[in-house]
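**Student:** turn this into a model:
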Amino acid sequence: MISAFQSRAFRFGMDLSEQQLEEINFFRDGKKYADESAAIAKQGSAYKKKFTESPFIFEFEYGAKGESYWTYEYMVLQLEDCADCLRALYPHIKFVFMLDHSCGHEEKLWQSYEILILKRRRVILDHFLLL
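**Tutor:** Below you'll find the predicted structure:
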């Protein structure tokens, strides 16, 4: 299965050059995820890891074990990874992400605000998304 972001500007996913990856990794160096417990649960550390490829497309095997399901923890980490890429490369632009909420990513970050749009779509506006 795939979890991916798309936009009018970058289409499906976002290809990143080696130079862009270096710039993003420098931007993220030594920083922790906003949801530290999600990062520790899925990556073993709250600190952000260096990218070797674009986080805009994430492939995973769907299965019966809990690690094989797309959970809130995976979603929030991928969202912050993508936000980091955009903030590092385009600091003069503010971004808003729209998520398909159909998988039931029901947890919310403390201090998050959500705007219900239609029946199954939400925009999560949080401090780490709108810097």
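
**Student:** longest helix in this structure, please.
**Tutor:** helix 72-89 (DSSP state H).

**Student:** off-centre distance for that helix?
**Tutor:** A distance of 3 Å separates the centroid of the chain from that of helix 72-89, by C-alpha atoms, centre = their mean, to the nearest Å.

**Student:** what helices or strands is it leaning on?
**Tutor:** Contacts defined by 3 or more C-beta pairs under 8 Å, 6 or more residues apart in numbering; DSSP states H and E place helix 72-89 against strand 2-4, helix 18-28, helix 36-43. To be clear about C-beta, it is placed using only N, CA and C from the backbone, and glycine gets the same treatment.

**Student:** strand partners of the following helix or strand past the first one, parallel vs antiparallel please.
**Tutor:** Looking back up the chat, that one is strand 2-4. Downstream of strand 2-4, the first helix or strand assigned by DSSP states H and E is strand 6-7. Using DSSP bridges, the strands paired with strand 6-7 are strand 11-12 (antiparallel).

**Student:** what mean pLDDT does the strand it pairs with get?
**Tutor:** Per-residue pLDDT values across strand 11-12 average out to 82.

**Student:** go on, stretch 97-111?
**Tutor:** Per-residue scores along stretch 97-111 average to 56.

**Student:** how about the residue nearest the centre of the chain: what's its closest non-neighbour residue?
**Tutor:** With distances taken as C-alpha atoms, centre = their mean, residue 79 lies nearest the centre of the chain, 1.3 Å away. Take residue 79 and drop its neighbours on the chain: the residue closest to it by C-beta to C-beta, 6 or more residues apart in numbering is residue 97, 6.2 Å away.

**Student:** how many neighbours does the one you found have?
**Tutor:** 17 (other C-beta atoms under 10 Å).
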